[in-house]
Every structure is written in C-alpha cells, then in structure tokens.
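Chemist: Kindly return the folded structure for what I paste below:
(chains A and B)
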Amino acid sequence: MANQKTRQQRRAEERERAQRLQSRQASSRRPLLMAVGGVLGLLAVIAALVIAKLAQSDSSPTPAGRSGLAPAAVLKNIATIPATAFDQVGYVSANNGVAPPSRLAGAPKTLDGKPLVVYVGADYCPFCAAERWPLVAALERFGSFKTIGATHSATNDAFPNTATFSFHPSSYSSPYITFRSVELYGNRPVNGQYPPIESPTPLERALLKAYDPKGTIPFIYFGRYGINGATYDAQLLAGLTMGQIAAAARDPSSEIGHSVMGATNLITAAICKQTGGQPAGVCTSSGVVAAAKHLPS
Amino acid sequence: MTAAPAERVRPPARWVPAWVAPVSLALVAGGLAVSIYLTITHYTTSVRLACSASGVIDCQKVTTSPQSFIAGVPVAVLGVAFFVVAAVLCLPAAWRSGEPAVRYARIGWAVAGVVMVVRLVYAELFQIDAICLWCTVVHAISVLLFAVVLVGEAMAVQADSGSPAR
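Modeler: From the prediction side, this is the model:
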C-alpha cells in the first residue's frame, strides 16, 4: 500500500517536474523572441522610412544648397559665360533690376602692387549668397579661382537656403588685381548665434570703418566704387540648386541670366576703372563699356 | 534586546554570455570615436568632414542643418554623451550586476538611442534631404548596440535560479 502511494507520488512528481521544465524552457525562450522581435520591429520602421522616401523622391525636387567645395562643373559654367552673352545683356538699370555700385571717396587701395578688391560677407547672409554669383563671374574675367567653396544661406533667414559659392575656402589668382575675401560668419547657428569663421585684417577693418560704417553685408570694395548689399533680387534664386543657377546665369534670355550678367558687367566695369582698362579684351567689350557709362562719377 | 540592523539584500549576480560585454563595449567605442570626430568638425572650421558634399550624400549639409541641434545642443555632442553613458552601462561588471535598476537603465538607454536614430533618419530623409555617411555609421552602431543589449538581457540568467533574469 505504502509502496503504491509512493509510486503514485513519484509519477505525480515526475509529471510536475516535466511541466516545470517545459514551462522554464518556454519562459527562457520568450525574452529572446521578444528581443529579436524588438530588433526586427526597429529595422522595419527604418526600412519603412527609406521606402517612403524612395517612393517620394521621384516626384519632389532637390532643394538648393550645398556645402564644401563647389562642383567643378558649376564654377566652369560661371567662368566660361560667353562674351557674347555678356554683351547681349549689356547694361541693366536699377529700374530693370540691377543697382549700380556707389562711388567711394579716397584714393583706391592697392595690395601686392595691384589694385585691391575686397569682399566682406557671411555664409548665412542671403544677400551675400545672391551677390557672390556676379562677383565670381566678374572675378573670373580678371583671373581664376583654383578652388572655391559652396554653401547656402541660413535656413531661417530671408530667402532661406539660397545656393551659392563661398569664399571660405577659396583660392584666387589674377595678374591684374589682388582679391581678398572675408566670410565673417557661418550658416549654422550655435546657441542662437552664427559662429565667426574668418576675421578681417587691419586693412579690411579700415575699409569697413570708412565705407561700411553700418556693417551692411555684403560689402564689396573696388577702389573707387563699392557695393553695400545685393545689387539684384535674391528671390530669383529661391529653390534652385547651384547647378540650376549656374546654367540660368549664362542664359541671356532667362531672368536670372539677365540679372546676374547685368550685375557682372557693372562689377567688371568698376574693376576695369581700377586696372586702367586691363585686360583690354574684357574692359572694351560692348557690355562692359555700356555698363561703365552708368557708373556714378 | 535590540533589533538587528536592517541589511540591504544584494541581488544575486547574473550569468551573461561571454561575448555580450566585449561586443557591446566595442560598439560603444566605435560610436564614441565617430561622435567625437563629428563633434570636432562641428566646432572647428579647420577640420572638415571627410565626406562627399554633393548629391544625396552630403555630410556638411546634414551637420550644418537646423536639425543638427536639439534644444540648442549639437546632435554630435549628444552622441558623445550617449556613448559615454552607454560605456558605463556596458562594462562587464554592469552586465553581471543583478541590480534591476542597472538592467532597466541599460535597456532604456539603448531604446532612447534607437528612438533618436529613427528621429534623425527621418530628418535626413524628409527634412534635410541628404544623408551623412558618418552619422549613418553612428546610427548603425546604435541599432547594433540595441540588438546586443536586448539579446544579452534575454540570454542573461540569474546565477541562483537558472531562469532568465527578470
């Protein structure tokens, strides 16, 4: 009798042990399955984002604005605007969208034995973004950029994210002029302030004090002439990539080409006044000669 | 007769697979290194990110975007902070610890990391419209760390019970 109870008890204990083992095995697998499920769920979320983006990318344009060095093709497009295109645009008046440089008092400065051209601006500044296009086009008529940066104006300012060149960094050489540039601030705010990235030299500081006392940027110094602010409407460049702007800037029939080449001719004419009409091929071109007639005396 | 002073009962140590702590620490080290690099390039203009700056891959565009700040703090700095804390939570002693608070902190931190990854991937794809390769490396490391933490926790066993640690 006692033995029979013991056998029954043993069987019950064995059944109980087997159930506990099964339960333990099941409970030990459950967290692992949950962990794997969690990781797979996360990967599914990321994959869904990528798929949604791929589905969307076919129909949405790429926003303007690049940083780093400017694509060589963009600089080439600006550097090789045909003389015939410049001449076709010729002089563009303020009424037609391009303001001329203003006359500056005092003797024009030179540096390294050549007339001095100074640009002061900032990466965040949308008007600087617009003005760099004709300035680079004009400078390319007197020399060449070996390298030049690419940037965009601040995303939370007027004409946000305007795609443009940046002179930080840049490398320019010319037999006719000495070009100096200062990009005062970057385009990304740190604690609500744009961080300083370049500082003016004492000479540049003196020019700013004399000709840009209000600190308006862009400020561009051409000896007898100067620019404070953008000379054409920055809105024209809204939403375009550097490549799109560069392509339009060499097309005399486009609004951008009209404004950029018109501003370039005025800037070129101002620089020609410094260089004594050198190089002659540029300074005696019909577009530059037409623009020069409208520089303030 | 005075009552015996109350003693805090230390939770039993745990057994975790041998690979978990070194793998998690290696991931943290990689993430920390890339985050420090991104932080240096954020604060200096002399060091530029070694990365394409045109087309879809554009690190500069991503790291200079408004989305590269959260509450005024650069995301790169948040990345450094994330991996420093993760390094402490992934030390072998922390993995062996039976303290529930340590386990929950490790899991919670890993989850916070991947939530941030999803938020940043969304920003890159839909707000900035550019991908930063270095950021993607950090994202991948964060996802792998999340996987290692979850699987490591799931495979951890209480030393005295033989059952999975709760």
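
Chemist: tally of neighbours for B:Val23?
Modeler: Neighbourhood size, B:Val23 [other CB atoms under 10 Å in any protein chain shown]: 18. The way it works is simple: take the backbone N, C-alpha and C, and place the C-beta from them, glycine included.

Chemist: before we move on, what SS does A:Arg180 have?
Modeler: strand (DSSP: H, G, I helix; E, B strand; the rest coil).

Chemist: what's the distance between it and B:Val149?
Modeler: 54 Å (CB to CB, to the nearest Å).

Chemist: more neighbours, these two?
Modeler: Using other CB under 10 Å as the criterion, A:Arg180 and B:Val149 rank with B:Val149 on top: 29 against 20.

Chemist: Show the pLDDT at the residue lying closest to that one once chain neighbours are set aside.
Modeler: Using CB to CB, 6 or more residues apart in numbering or on different chains and skipping the chain neighbours, the partner closest in space to B:Val149 is B:Ala110 (4.1 Å). You'll see B:Ala110 listed with a pLDDT of 95.

Chemist: wait, B:Ala110 sits on B:Ile141?
Modeler: No - assessed by CB atoms under 8 Å, B:Ala110 is found out of contact with B:Ile141, at 11.4 Å.

Chemist: can you pull out the strands in the stretch 51-200 of chain A?
Modeler: For the stretch 51-200 of chain A, the strands defined by DSSP state E, counting those that start in this stretch cover A:68-69, A:102-103, A:110-111, A:114-121, A:144-152, A:163-173, A:178-183.

Chemist: So, low pLDDT: which residues of the stretch 51-200 of chain A?
Modeler: Where the stretch 51-200 of chain A drops to pLDDT under 70, the residues are A:56-67.

Chemist: Export the strands of the stretch 51-200 of chain A as a markdown table, with columns for distance to A:Ala292.
Modeler: Output for those, formatted as a markdown table (distance: least, CB to CB, whole Å):
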| stretch | distance to A:Ala292 |
| --- | --- |
| strand A:68-69 | 33 |
| strand A:102-103 | 13 |
| strand A:110-111 | 21 |
| strand A:114-121 | 15 |
| strand A:144-152 | 23 |
| strand A:163-173 | 23 |
| strand A:178-183 | 20 |
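
Chemist: Quick one, which of those gets closest to chain B.
Modeler: Comparing these by their distance to chain B (CB to the nearest CB), the top pick is strand A:68-69, with 2.7 Å.

Chemist: Which helix or strand in chain B has the lowest average pLDDT?
Modeler: strand B:157-158 (a mean of 66; mean pLDDT, DSSP states H and E).

Chemist: show me what contacts the closest residue to A:Gly38 other than its chain neighbours?
Modeler: Nearest residue to A:Gly38 in three dimensions, chain neighbours excluded: B:Leu150, at 5.3 Å (CB to CB, 6+ apart). Residues counted as contacts of B:Leu150 (CB atoms under 8 Å, 6 or more residues apart in numbering or on different chains) are A:Met34, A:Ala35, A:Val36, A:Gly38, A:Val39, B:Ile107, B:Ala110.

Chemist: Might one say that A:Leu32 is in contact with B:Gly152?
Modeler: No - under the criterion of CB under 8 Å, A:Leu32 makes no contact with B:Gly152, lying 10.4 Å away.

Chemist: Comparing these two, which residue is more hemmed in?
Modeler: B:Gly152 (23 against 15).

Chemist: Name the nearest residue to that one, ignoring sequence neighbours.
Modeler: B:Val20 (3.7 Å).

Chemist: which residues of the chain fall in helices?
Modeler: In the absence of a named chain, this looks at chain A. With DSSP state H, the ranges of helices along chain A come out as A:2-57, A:72-79, A:83-89, A:126-139, A:202-211, A:242-249, A:255-275, A:280-283, A:286-292.

Chemist: Please refer instead to chain B.
Modeler: Using DSSP H, helices in chain B cover B:20-43, B:59-63, B:75-89, B:92-96, B:100-122, B:133-155.

Chemist: which of those helices is buried the deepest?
Modeler: Comparing the helices of chain B by mean neighbour count (mean count of other CB atoms under 10 Å in any protein chain shown), helix B:59-63 comes out on top with a mean of 26.

Chemist: so who does B:Val121 touch?
Modeler: Contacts of B:Val121 (CB under 8 Å, 6+ apart): A:Ile46, A:Leu49, A:Val50, B:His139.

Chemist: what's the burial count for the first one?
Modeler: Taking other CB under 10 Å as the neighbour definition, A:Ile46 ends up with a count of 18.

Chemist: give me the low-pLDDT residue ranges for chain B?
Modeler: Short version for chain B, where the test is pLDDT under 70: B:1-12, B:44-49, B:52-55, B:60-61, B:64-66, B:158-166.

Chemist: mind running it again at 50?
Modeler: Chain B contains residues with pLDDT under 50 at B:1-3, B:160, B:162, B:165-166.

Chemist: Could you check how far A:Ala269 is from chain B?
Modeler: Using CB to the nearest CB, to the nearest Å, one gets 34 Å for the distance from A:Ala269 to chain B.

Chemist: same thing with A:Gly215?
Modeler: Distance from A:Gly215 to chain B, by CB to the nearest CB: 21 Å.

Chemist: List phi and psi for that residue.
Modeler: phi 70, psi 30 (degrees, to the nearest 10).
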